[in-house]
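1. everything below, folded, please.
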Amino acid sequence: MEKYPIGFWNYTGTGDLKNKDVIDWKDLGMSFAMSPEYNPAHSKKQDMIDILDACEENGLKAIICDSRARWYGASENPDEYRNRFTDAYEDFGRHPATIGFHIGDEPSREIDFKSCITANKIQLEIAPELTPFINFLPYWRGIEQSILHFDTFSEWAAHMANNGKFKMLCYDCYTQMNPEEEGTDRFFLNLKYYSDAAKAANLPLWTTLLSVGHYRYREPDEDDLRWQLSAAAACGCKGILWFFIYMRAPMSNYRVSPIDEFGERTRTFESLSRVNRHFLHRFGDFFRDASLKGTWMTGKTYGGYKEFKSGEIPGVTAVESPYGNPGIISHFELDGKNYIAVVNNTPFESGAFKIIYGKEIKTVNRLAWNGFVNTKHYDGDAFYSENDGIITSGDWCAPGQMNVYQFE
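-> Residues are numbered from 1 along each chain as shown. Alright, predicted model coming up:
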């Protein structure tokens, strides 16, 4: 994709939405979307094509949700799967807005994993230019034995990648919106395990974040949304989906989705739009292209990430928070240059972070609104000082806010 991938789970039926509804997706700051659900038994092909045409007109891409592409039965009868996927591909696969087809969500049985592998391989045989999409379960300790039947999580990911020829790895986790700190720890446990697994499998990592309150998950406000997105990007995610956008008929205690049961935009719509658009404008190109070299935490650690220490990133001697905020510290490389991403790792408190560089560092540039600016000359209530040849620079951070610096 030309833009950093930010999209959403849809769940509406083909025909429920019209091409004008794609304007909502654009206004939400999405760069791609899961399409409405298509079933040839009762859906109209033209309705899906109208949606895809509107995506192309508005600069969005789409993952096609077509029942013929789901993994069911693929390993038991691959010829039958090949035939039905071929039909789906002929209908929608060549449309310029199409990224790929949705194979399925949260496989949990051995037959499911086998079918995902078979379906992914068949899709790539027929449509090598597309990227098939599968979303996996969140990680929990013991899933290797109870669900995956591999000694380590990374071994499972490498097996899936090598046998299924996957082009990406995606999962969902929402525990970060639970009231207890344990949920935050599980959120970062997932980011660490999936990030390590994606690296072992040489795959880009995507994740699904939460945009609608339900069960014990709170209704995400703008600080929550910003924090989730910043944390995911800083921990190496190369694509984001939001769960979910459309309420449709109300169910359980789901509440205040970006578009409610009346088809109206809610306060979550406004917040999610601002968070997505800010990220894409300011950070999207950088995180699309940069390579993650390592991630640490400061102040408080979660999910098995280690405390940042001097020397972890060459040229950086310390990262300090004067008000004691927890932080995410990540090292990225792009075009031979070094970058540090710093996230205020709480959705509840504002604070500040200061980075202290080694004497060998002579210039620090901050990724501002329209590109990099030398922090020495940046006038925006930022911190900057030079003492005995040592640069200290930093910024105030809203809850969940991120800053990126290039140093040399």
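
2. from here on, contacts and neighbour counts on C-alpha atoms
-> Will do.

3. would you map the strands across the stretch 251-400 of the chain?
-> Here the stretch 251-400 of the chain has its strands, by DSSP state E, counting those that start in this stretch, at 291-298, 316-320, 327-334, 337-344, 351-357, 364-368, 371-374, 383-387, 390-397.

4. and residue 159, helix, strand or coil?
-> Assigned by DSSP: H, G, I helix; E, B strand; the rest coil, the conformation of residue 159 is helix.

5. quick one: residue 45 from residue 98, how far?
-> Using Cα to Cα, to the nearest Å, we find residue 45 at a distance of 15 Å from residue 98.

6. try residue 118
-> Per Cα to Cα, residue 118 is found 21 Å from residue 98.

7. for residue 45 and residue 98, indicate the residue with more neighbours.
-> Higher neighbour count among residue 45 and residue 98: residue 98, with 23 against 15, using other Cα atoms under 10 Å.

8. residues in contact with the closest residue to the more buried one other than its chain neighbours?
-> Once flanking residues are discounted, residue 98 sits nearest to residue 62: 5.0 Å by Cα to Cα, 6 or more residues apart in numbering. Residues counted as contacts of residue 62 (Cα atoms under 8 Å, 6 or more residues apart in numbering) are 32, 33, 34, 35, 52, 55, 97, 98, 99, 100.

9. could you rerun that using 7 Å?
-> Contact analysis of residue 62 by Cα atoms under 7 Å, 6 or more residues apart in numbering lists 32, 33, 34, 35, 97, 98, 99.

10. pLDDT score for the second one?
-> What it means is residue 33. We note a pLDDT of 97 for residue 33 in this prediction.

11. where does it fall, secondary structure wise?
-> Residue 33 is part of strand 32-38, with elements assigned from DSSP states H and E.

12. buried stuff in that strand?
-> Judged by neighbour count using 16 or more other Cα atoms under 10 Å, the buried positions of strand 32-38 are 32, 33, 34, 35, 36, 37, 38.

13. with stretch 170-190 instead?
-> 170-178, 183-190.

14. please apply the same query to stretch 215-235.
-> Buried residues in stretch 215-235, counted by 16+ other Cα under 10 Å: 217-235.

15. just those: which are in helices?
-> 222-234 (DSSP state H).

16. so what pairs up with the residue nearest to residue 231 when sequence neighbours are not counted in the strands?
-> Closest residue to residue 231 apart from its sequence neighbours, by Cα to Cα, 6+ apart: residue 343 at 6.9 Å. Note on residue 343: beta-bridge partners by DSSP bridges are residue 328, residue 402.

17. got a list of what residue 343 touches?
-> For residue 343, the contacting residues are 230, 231, 327, 328, 329, 400, 401, 402, 403, by Cα under 7 Å, 6+ apart.

18. burial count for the third one?
-> Residue neighbour count, defined by other Cα under 10 Å, stands at 28 for residue 327.

19. ditto for the fourth one
-> Residues near residue 328, counting by other Cα under 10 Å, number 28.

20. is it true that it touches residue 299?
-> No - contact criterion Cα atoms under 7 Å: residue 328 and residue 299 do not qualify, at 9.1 Å.

21. tell me the angle of the helix or strand harbouring the residue nearest to residue 98 relative to strand 32-38?
-> Assigned by DSSP H and E, residue 62 falls within strand 61-66. Orientation of strand 61-66 against strand 32-38 (axes from the mean of the first three to the mean of the last three Cα atoms, to 10 degrees) gives an angle of 20 degrees.

22. quick one: the ones in helices among the buried residues of stretch 215-235 as JSON lines, columns for distance to residue 272 and pLDDT too.
-> Putting those into JSON lines (distance: Cα to Cα, whole Å; pLDDT from 0 to 100) gives the following:
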{"residue": "222", "distance to residue 272": "7", "pLDDT": "98"}
{"residue": "223", "distance to residue 272": "10", "pLDDT": "98"}
{"residue": "224", "distance to residue 272": "10", "pLDDT": "98"}
{"residue": "225", "distance to residue 272": "7", "pLDDT": "98"}
{"residue": "226", "distance to residue 272": "8", "pLDDT": "98"}
{"residue": "227", "distance to residue 272": "12", "pLDDT": "98"}
{"residue": "228", "distance to residue 272": "11", "pLDDT": "98"}
{"residue": "229", "distance to residue 272": "10", "pLDDT": "98"}
{"residue": "230", "distance to residue 272": "13", "pLDDT": "98"}
{"residue": "231", "distance to residue 272": "15", "pLDDT": "98"}
{"residue": "232", "distance to residue 272": "15", "pLDDT": "98"}
{"residue": "233", "distance to residue 272": "16", "pLDDT": "98"}
{"residue": "234", "distance to residue 272": "18", "pLDDT": "98"}
